[in-house]
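Asks: below is the structure, and that's it, no one-letter string:
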Ligand code: MBD
Ligand code: FE
């Protein structure tokens, strides 16, 4: 879809999507209290000092003016007011954190989670259809494959969580007006570790442009696009959970994803579905044992 087709309603929905991610994040952190959000003093000292020094170095090297400093201050205030810290961090920083976190892995590649995951999506068995509206726009997509361990053993009962945007680029529970759990589900691999998911082929996606992140994108002359993508979390007891995304060949933004989250290993190979309308695509998830 093009910028000019954005109606007022669509614009409002996009603005909410950025902001609701802040509330969601706070809820999840509260639920995980004690496990996350606590970093020891020596590490905070080390990292915060380094961050502050790198920014000061940039100011000196680039001879940053008071005009630029005040523009930054105003913008940082707006990021918070718009509730867009999760959006900003996940788009421009999470990819490096993910790279560090998954360095040691031998199984399937992961990539960033982004701001729109919700745990405990409805159980769809091993081969159910994702929750969607009766008139949900989009082309049918059968996504099927196997979950295995790095040693080749099929992982019966492995959990495959899938979430993706609708045809207009909205995620349920973030953009208002969508049914709860729309285009979100959890599948359990069968005895052979296999799953078969009926969903829709996602559309290319623009991050919300109405708030502070959009203001930065416009001010810098960048674009707001991510390639069409499916989000996954795949897990099994005793194995490391993988958070990943899968992409479609030929998407105009595979090479310039605003979130830098595309990897060659994450490209699907969809074929026309011989058994029905739309596409079918195969992808296997390979999990590393927990250390
Ligand atoms: C998304 O849908 C997304 O996947 C990322 C990484 C950032 C913003 C919106
Ligand atoms: Fe996404």
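Replies: Nice, thanks for sending it over. What you see is a predicted model, and the numbers here were worked out from it, not measured in a lab. Ligands and ions are numbered 1, 2, ... in the order given.

Asks: check contacts around residue 79.
Replies: 85, 88, 211-213 (Cβ atoms under 8 Å, 6 or more residues apart in numbering). Every residue, glycine included, has its C-beta placed from N, CA and C.

Asks: repeat the analysis, applying 6 Å as the threshold.
Replies: The contact partners of residue 79, taken as Cβ atoms under 6 Å, 6 or more residues apart in numbering, are 85, 88, 212.

Asks: and residue 274, which of the three is it?
Replies: coil (DSSP: H, G, I helix; E, B strand; the rest coil).

Asks: again, but for residue 67
Replies: Classified using three-state DSSP, residue 67 is helix.

Asks: can you select the buried ones from the contacts of residue 79 in ChimeraX?
Replies: A single ChimeraX command selects the buried members of the contacts of residue 79 (16 or more other Cβ atoms under 10 Å):
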select :85,88,212
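
Asks: closest one of the contacts of residue 79 to ligand 1?
Replies: residue 88 (9.6 Å; Cβ to the nearest ligand atom).

Asks: shouldn't residue 165 be in contact with residue 173?
Replies: No - between residue 165 and residue 173 no contact is recorded; they are 11.8 Å apart, counting by Cβ atoms under 6 Å.

Asks: looking at these two, which one has more neighbours?
Replies: Just comparing residue 165 and residue 173: by other Cβ atoms under 10 Å the higher neighbour count belongs to residue 165, 25 against 19.

Asks: surely that one is within a helix?
Replies: No - counting by three-state DSSP, one finds residue 165 to be coil, located in no helix.

Asks: which ones are touching it?
Replies: Contacts of residue 165 (Cβ under 6 Å, 6+ apart): 171, 202, 205.

Asks: among the residues you listed, name the ones in strands.
Replies: The subset of the contacts of residue 165 located in strands under the criterion DSSP state E comprises residue 205.

Asks: list buried residues within the contacts of residue 165.
Replies: Buried by 16+ other Cβ under 10 Å: 171, 202, 205, out of these.

Asks: which non-adjacent residue is nearest the first one?
Replies: Same thing as residue 171. Computed as Cβ to Cβ, 6 or more residues apart in numbering, the closest residue to residue 171 that is not its neighbour in sequence is residue 116, at 4.2 Å.

Asks: I'd guessed the one you found sits against residue 172; true?
Replies: No - the criterion here is Cβ under 6 Å, and residue 116 misses it with residue 172 at 8.9 Å.

Asks: can you tell me the element residue 15 falls in?
Replies: helix 8-31 (DSSP states H and E).

Asks: if I pick the closest residue to ligand 1 within the stretch 151-291 of the chain, what's in contact with it?
Replies: Per Cβ to the nearest ligand atom, residue 259 is where the stretch 151-291 of the chain lies closest to ligand 1, at 4.1 Å. Applying Cβ under 6 Å, 6+ apart, we find residue 259 in contact with 91, 226.

Asks: got it, and residue 181?
Replies: Residue 181 is in contact with 121-122, 131, counting by Cβ under 6 Å, 6+ apart.

Asks: secondary structure and pLDDT added to these, as TSV?
Replies: Below are the contacts of residue 181 laid out as TSV (DSSP: H, G, I helix; E, B strand; the rest coil; pLDDT from 0 to 100):
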residue	secondary structure	pLDDT
121	coil	98
122	coil	98
131	coil	98
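
Asks: circling back to that earlier point, quick one: the residue of the stretch 151-291 of the chain closest to ligand 1 is in a strand?
Replies: No - judged by three-state DSSP, residue 259 forms no part of a strand; its state is coil.

Asks: in the protein, what residue comes closest to ligand 1?
Replies: Residue of the chain nearest ligand 1, by Cβ to the nearest ligand atom: residue 114 (2.9 Å).

Asks: that residue: how many residues sit nearby?
Replies: 22.
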